Every structure is written in structure tokens, then in C-alpha cells.
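A.B. asks: Task: produce atomic coordinates for the following.
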Amino acid sequence: MKPLAHLKTAAIAGATLAAMALPSAAEYPERNIQNIFPWGPGSAMAVTQIISEAMSQELGVNITVVSTPGAAGVKSFETALSKPADGYTFIDGWVAPLVLQPLVGNADWTYEDFIPLWSATAVPFAIVTRKDEDRWTDFPSFIQYMKDHPGELRYSSGSIGNIPHMVLAKVMQANDVYARNIPYPQDGDAFKDLRGGLLDFTFNNPTTYRSNSDAFQVIAVMTENEADKAMFDDAPLVGEFGTEMGLTGLSPTGWHWYVVKPGTPDDVVEKLRSAMKAALDREDIQEKLKATGFVPTMYPPEKYDEIVGAVGEQLISAKEAIAWEADKVAGK
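C.D. replies: You can find the predicted model right below:
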């Protein structure tokens, strides 16, 4: 063999052996994943832990839910966006930081800046009054009382300008009635004052209603989803009384949609999507979520722009309803 040929053969053999010695590229996921959650511990965090645990069983690695409260959820998004776009961090995108905060100018992103996985759950709201209330017996007589006593009733949505406030204001605007919203730092304090007669009505989600069902009655569920009635002992939907709020789909609820940072590789996104769908498809997981007071929504990623975009447009009109309410209370 000629020396040059011998060298070429030796070089090829050496390169082959070197390639065989190199570790193969790791397949995602090779380590644990973080789910960045925007609130403190509570029922919402329990829900995301249920979903994350089911996803971890699909992916074969642990998924840690990292509570990152602050600035109405904005801090969680900022934290997640500071991480690499490698699929080892995803965001539990609740409506407040994903849609509402950008609308009011408190965040420099929009929902379009993220890659969606699957939608997770929604929390329906209802108007509740005391069970022993004798000034009205149902939603129509409740509205008639407010017509006859404009601005007299006191209620709470928790904080001013939150999603329940928007929904309640839209319901009242649709019926041309208004009341005075009293803010509370803790929802539990508002529910205690409703029991005690200091408030006339308030919002409840399924969890708080179940905790107070001995004293509260639901006069209307504020969504268009028939399945939500079961969460409130089959109370009527507000639409059954001819009230058109202009809030459809997810708009009149609290909801979340898992998303990842832009630039996340396509194959990684698909693995996360497949794991989330498989988790949400499990009947045991759906029952656990419902038992916690959350309704599985199961919207696929291709519906993200259509559904979330509509929410943003409708929340703008809901903010206008809050301004309308404030003018009414001020006597304008």
C-alpha cells in the first residue's frame, strides 16, 4: 500500500472510532422540567400540580411547579422568559398575565408571542346571595330589585378590575342596573361579610361555593357552558334569562393555557403537547380537576389564536363596563 493511501485509511479509521466513542445526542427530556406558576399556593396551584404530575408520567422526568407570584402574574412570565428556550421551562399561562396585563399596559408581550401547548382548565363564576335572602328569589327578581333601588346594593368581586369584576359589570350593564363594588384584600373576608349581611351579593367559583353552600344560593352562572351548571348544583346560566353579556367562550371565566417561550425547538414542543394531551385525556385526571372546582377545557394548540384572541377583544369591552359602572355609581 502506498504511504498516502495508508495515511488516508488510518485517518478514516481514526475518525470512525472517534465518532463511535462520542456520546449520542441526548433525547429530550433528559432532565427535570419546571412549570412556572403565577400565583401562591391554593386550589389553582393544586390543579397545575395534578396536570404536571400526569405530564411527568408521560415524559419520564419530574415536572416541578414553581410558584412565582407578583405583579398580577407578570413576574412569573418575566422569570420564564429569562430561561433558555429549550423546553425545560414552560409557563402556566393564566389569563391575567397572558392577556389582561398586556392589555392594560403592564407587560410588553402579547399572547401571540408564545407557542401554545394545550389549554388546561377554566374556572366559571356565579352570582351568589344568602340562602335566606327575601328581597328576591331568582335572577329576574334580583335584577328588578336593582332597577327599583339603583346603586343601593353592595357587592364584591375581590379586587377592583379583576376578571370577576369585569364579568359582573358586564352582567349588570347588560341589564342596565348597577351596584357598589367593595374591594377586599382576601376573598374569604368578602364571603364572611356576605354571610353577615354587610354585602348583598358576590361572585363565587365552584370551590368557594361548595365551602359556603350551607349559607349561599346561586342565582345565575355567568357562562354559556351547560357543563358549568353542574359545578353549582345545576343553577341556571345567565343566558337562560335573556341576558347577552357579549362574553363568550373562555372570556367570562378564569382560565389557563400552557405555553412555551418562542424559539423552543419544534420536536420539543410536540413532545410537550403530546404529554399534556395524554394527561388531560385521562379520566382520573379529569375527575380530580373537577373535584377541585376546575373544568377541563381541552382546546388544542391550533385553536389558540382564535380563542385567546377573542378573549382579548371581549375583555376590552368588559373593561369599558367597569368604567360604565363607575360613572353610574358617581351619578354621571
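
A.B. asks: Helices of the stretch 1-150 of the chain, residue ranges please.
C.D. replies: Secondary structure of the stretch 1-150 of the chain, counting by DSSP state H, counting those that start in this stretch: helices at 3-21, 43-59, 74-81, 95, 101-103, 139-148.

A.B. asks: how about low-confidence regions in the protein?
C.D. replies: Judged by pLDDT under 70, the chain has its weakly predicted residues at 1-25.

A.B. asks: tell me, what residue is most central in it?
C.D. replies: Nearest to the centroid of the C-alpha atoms of the chain, with distances taken as CA atoms, centre = their mean, sits Trp255, at 2.2 Å.

A.B. asks: wait, is that residue part of a helix?
C.D. replies: No - Trp255: not assigned to a helix; according to DSSP: H, G, I helix; E, B strand; the rest coil it is strand.

A.B. asks: And stretch 36-49, what's buried?
C.D. replies: By 16 or more other CB atoms under 10 Å, the buried positions in stretch 36-49 come out as Ile36, Phe37, Pro38, Trp39, Ala44, Met45, Ala46, Val47, Thr48, Gln49. In short, each C-beta sits where N, CA and C put it, glycine included.

A.B. asks: Pretty sure the last one sits against Val65.
C.D. replies: The one in question is Gln49. Yes - taking contacts as CB atoms under 8 Å, Gln49 lies within contact range of Val65: 5.2 Å.

A.B. asks: Quick check: beta-bridge partners of the nearest residue to Gln286 once chain neighbours are set aside?
C.D. replies: In this structure, Gln286 finds its nearest non-sequential neighbour in Pro296, 5.1 Å apart by CB to CB, 6 or more residues apart in numbering. As for beta bridges, Pro296 partners with Thr121 under DSSP bridges.

A.B. asks: hang on, Pro296 packs against Thr121?
C.D. replies: Yes - counting by CB under 8 Å, Pro296 touches Thr121, with 5.5 Å between them.

A.B. asks: quick one: common contacting residues for these two?
C.D. replies: Leu289 (CB atoms under 8 Å, 6 or more residues apart in numbering).

A.B. asks: for the stretch 51-200 of the chain, what spans make up the strands?
C.D. replies: For the stretch 51-200 of the chain, strands defined by DSSP state E, counting those that start in this stretch occupy the ranges 63-67, 89-94, 115-123, 126-130, 154-156, 180-181.

A.B. asks: what's the closest of those strands to Ile307?
C.D. replies: Each of the strands of the stretch 51-200 of the chain has some distance to Ile307 by CB to CB; the shortest is strand 115-123, at 7.5 Å.

A.B. asks: Tell me the gap between stretch 209-225 and the middle of its chain.
C.D. replies: Relative to the centre of its chain, stretch 209-225 is centred 19 Å away, using CA atoms, centre = their mean, to the nearest Å.

A.B. asks: Show me which parts of it are buried, residue by residue.
C.D. replies: Neighbour-count burial for stretch 209-225, counted by 16+ other CB under 10 Å, picks out Tyr209, Asn212, Phe216, Gln217, Val218, Ile219, Ala220, Val221, Met222, Thr223, Glu224, Asn225.

A.B. asks: Out of those residues, which comes closest to Thr248?
C.D. replies: Each of the buried residues of stretch 209-225 was checked against Thr248 using CB to CB; the closest is Glu224, at 6.1 Å.

A.B. asks: nearest spatial neighbour of the closest one, skipping sequence neighbours?
C.D. replies: Among residues not flanking Glu224 along the chain, Gly239 sits closest, at 5.5 Å (CB to CB, 6+ apart).

A.B. asks: what's next to stretch 235-249, contact-wise?
C.D. replies: Contacts to stretch 235-249, defined as CB under 8 Å, 6+ apart, come from residues 126-127, 139-140, 143, 167, 170-171, 174-175, 218-226, 228-229, 252, 307, 310-311, 314, 317-318.

A.B. asks: Give me the subset of those residues lying in helices.
C.D. replies: In this view, those that belong to helices under DSSP state H are 139-140, 143, 167, 170-171, 174, 307, 310-311, 314, 317-318.

A.B. asks: For Asn32, see how far away Phe77 is.
C.D. replies: Per CB to CB, to the nearest Å, Phe77 is found 21 Å from Asn32.

A.B. asks: how long is stretch 195-207 end to end?
C.D. replies: End-to-end distance of stretch 195-207 (CA to CA, to the nearest Å): 16 Å.

A.B. asks: List the buried residues of that stretch.
C.D. replies: Using 16+ other CB under 10 Å as the test for burial, stretch 195-207 gives Leu199, Asp200, Phe201, Thr202, Phe203, Asn204, Asn205, Pro206, Thr207.

A.B. asks: chain center to that stretch, what's the gap?
C.D. replies: 22 Å.

A.B. asks: Contacts for that stretch next, please.
C.D. replies: 43, 123-130, 142, 153-158, 164, 167-168, 179, 182, 190-191, 193-194, 212, 215-216, 218-219, 222, 231-232, 254, 292-294.
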